[in-house]
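J.: generate coordinates for the sequence data below:
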Amino acid sequence: MDITIRKAEVSDAPVICDFIHRLTEYQGFAEDCTLTVEETERLMKKANGLHAVIAEDNGIPIGFTSYIFIPLATLSGRKIIYIEDAFIIEEMRRKGIGKAIFKFIEEIGRSKNCLRLEWKDLSGNDESVKFYENINADVSKKWITYMKKL
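T.: Numbering: from 1, shown residues only. This is a model prediction of the structure:
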């Protein structure tokens, strides 16, 4: 096993798009995922668009995490780095890859003077909850996320 983690380039859009589709399938709502490679490329080319890191084993993609920068946390004036999606193929889980990806993204956030790293997960995802507890992440008991589909 030779694991590397690197920032994604626009040329990685097909890999990222594939992982996003695999993630939504894993989460049980693949029918809602209409993302195309072209749309992924467009999002990655935007000034404050989609960013991602890719984990590879001997050059073969095994996982990814996408993130964006929220430009302003009004209490501090600093940015927030927000993880949108994270996925590692099943046979590569529990090998420290997720932890390495999170550390990589934390370093990106620190280098950009971000206030914090944030993400959300589906309730009932016990495997992820254990992972988040393992990396010492705090669960917000103060904030509730509401969503309204448009």
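
J.: which strands and helices sit next to the longest strand along the chain?
T.: Longest strand in the chain by number of residues, with DSSP state E as the criterion: strand 60-73. Strand 60-73 sits against helix 13-27, strand 51-57, strand 78-88, helix 97-111, with contacts defined as 3 or more CB pairs under 8 Å, 6 or more residues apart in numbering; DSSP states H and E. For every residue, glycine as well, the C-beta is placed using N, CA and C.

J.: list of residues touching the shortest one?
T.: Spelled out, it's strand 51-57. Contacts to strand 51-57, defined as CB atoms under 8 Å, 6 or more residues apart in numbering, come from residues 1-8, 12, 15-16, 44, 61-69, 88, 92, 97, 100-101, 104-105, 108.

J.: go on, stretch 100-118?
T.: By CB under 8 Å, 6+ apart, stretch 100-118 touches 3, 5, 7, 51, 53, 55, 63, 65, 67, 69-70, 73, 76, 78-83, 86, 88, 135.

J.: fine by me, thanks again.
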